[in-house]
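Visitor: how would this look folded up:
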Amino acid sequence: MTCLPSSTDKKLGLVIDLDTCVGCHACVVSCKGWNTENYGAPLADQDAYGENPLGTFLNRVHSYEVQPEDSPAQLIHFPKSCLHCDDAPCVTVCPTGASYKRTEDGIVLVNETDCIGCGLCAWACPYGARELDGEEKVMKKCTLCVDRIYNENLPEEDRVPACVRTCPAGARHFGDLGDPDSDVSKLVADRGGFDLMPEMNTKPVNKYLPPRLKDQLDPERNETHALEAQAENPQGFFAWLDRTLEKL
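Guide: Numbers count the residues shown, from 1 in each chain. Below you'll find the model as predicted:
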């Protein structure tokens, strides 16, 4: 059984804004690209264009339609990857020590040369954040792009995880969540950031920012206002119709 460090110097992680994420999957593509070309073994795909396509991804985006009480329905896009938990069960069940948590920054990694592909870590993770690579037969997971964030050959603005650098909506933020004065910690405090499934007691480092509720509008009143606005300042089809009627 692998032991967890009693404490870490930093708690590097992600803050994901569910109010801003548009579900474009740019983070998924950039994560797949960077980790296939750089860290560890490639993230394999099997029968990608066949009847039973399978692939290994370190980050996925799930979309849900939710109906808050007394509020219109909303479509919420929910990105999910390893949360780099303080009390990571995937580490403590590993029989070979392949899964481990770094003391210097709190990142949870897998030493692929020691991984035997037993799958115990995947069973232990309550978030489904680990995947067995079908070709390499080892477990894969988010690394927070550890080979980017410390790479001094990259421009400073690129020394963040690929998903953060790529997100067009600015929904992903990276930093030290163990420092209360960091930008990400302040963002969590200001927006009421929360843990995913806190009842599991894994103490995830990554946080989520809640989506804001939609404005409550009276549909009939809103439609009336829209028609009044079109009448006063016609645009598009209504503008063409207005010009055509004037000629009659």
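Visitor: and the closest residue to N201 other than its chain neighbours, what is it in contact with?
Guide: With Cβ to Cβ, 6 or more residues apart in numbering as the criterion, N201 has its nearest non-adjacent residue at 6.5 Å, and that residue is D87. All C-beta spots, glycine's among them, are computed from the backbone N, C-alpha and C. By Cβ atoms under 8 Å, 6 or more residues apart in numbering, the contact list for D87 reads 4, 201-203.
Visitor: so D87 is in which element?
Guide: Counting by DSSP states H and E, no helix or strand carries D87.
Visitor: quick one: it and R165, what's the gap?
Guide: Counting by Cβ to Cβ, to the nearest Å, the separation of D87 from R165 is 29 Å.
Visitor: again, but for L177
Guide: 19 Å.
Visitor: more neighbours: the two, which one.
Guide: L177 (25 against 19; other Cβ atoms under 10 Å).
Visitor: V188 is in contact with that one, correct?
Guide: Yes: assessed by Cβ atoms under 8 Å, L177 is found in contact with V188 at 7.2 Å.
Visitor: what touches both of the two?
Guide: Shared contacts of L177 and V188, counting by Cβ under 8 Å, 6+ apart, come down to 15, 207.
Visitor: mind listing what the residue nearest the centre of the chain touches?
Guide: Ranked by distance to the mean C-alpha position of the chain (Cα atoms, centre = their mean), the top residue is P79 at 3.4 Å. Applying Cβ under 8 Å, 6+ apart to P79 gives the contacts 16, 21, 27, 59-62, 163, 171-172.
Visitor: try it again at 6 Å.
Guide: Shown in contact with P79 (Cβ atoms under 6 Å, 6 or more residues apart in numbering): 16, 61.
Visitor: what is the least confident helix or strand in the protein?
Guide: The helix or strand of the chain with the poorest confidence is helix 219-232; it has a mean of 53 (mean pLDDT, DSSP states H and E).
Visitor: follow-up on the earlier one: is the residue nearest to the centre of the chain in a helix, a strand, or coil?
Guide: strand (DSSP: H, G, I helix; E, B strand; the rest coil).
Visitor: in stretch 178-186, which residues are buried?
Guide: For stretch 178-186, burial by neighbour count (16 or more other Cβ atoms under 10 Å) applies to 178, 182, 184-185.
Visitor: got it, and stretch 81-92?
Guide: Buried positions in stretch 81-92, judged by neighbour count with 16+ other Cβ under 10 Å: 81-86, 88-92.
Visitor: domain ranges for this protein, per the record?
Guide: For the chain, automatic domain parsing gives the domain ranges 12-209, 217-248.
Visitor: which one of the ones you listed is the most hemmed in?
Guide: domain 12-209 (a mean of 17; mean count of other Cβ atoms under 10 Å).
Visitor: now do that domain, average pLDDT.
Guide: Averaged over domain 12-209, pLDDT sits at 93.
Visitor: any idea how far the residue nearest to the centre of the chain is from T20?
Guide: Taking Cβ to Cβ, one finds P79 at 11 Å from T20.
Visitor: with A171 instead?
Guide: 4 Å.
Visitor: list the residues that contact K32.
Guide: By Cβ under 6 Å, 6+ apart, the neighbours of K32 are L43.
Visitor: all helices of this structure, in order?
Guide: Secondary structure of the chain (DSSP state H): helices at 26-37, 89-92, 120-124, 146-149, 162-166, 183-191, 219-232, 236-247.
Visitor: got the CA coordinates for stretch 126-143 in CSV?
Guide: This file holds the C-alpha atoms of stretch 126-143, laid out as CSV (Å, rounded to 0.1, in the frame of the first residue of the first chain):
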residue,chain,number,x,y,z
PRO,A,126,-15.1,8.1,-6.8
TYR,A,127,-14.9,10.5,-9.7
GLY,A,128,-14.1,8.1,-12.5
ALA,A,129,-10.9,10.1,-13.3
ARG,A,130,-8.6,7.2,-14.3
GLU,A,131,-8.6,5.2,-17.5
LEU,A,132,-6.8,2.1,-18.5
ASP,A,133,-5.0,2.6,-21.8
GLY,A,134,-6.1,-0.2,-24.1
GLU,A,135,-2.7,-0.4,-25.8
GLU,A,136,-0.2,0.4,-23.1
LYS,A,137,-2.2,-1.5,-20.4
VAL,A,138,-1.3,1.1,-17.8
MET,A,139,-3.5,3.6,-15.9
LYS,A,140,-3.7,7.2,-17.2
LYS,A,141,-4.8,10.4,-15.5
CYS,A,142,-4.5,14.1,-15.6
THR,A,143,-1.0,15.3,-14.7
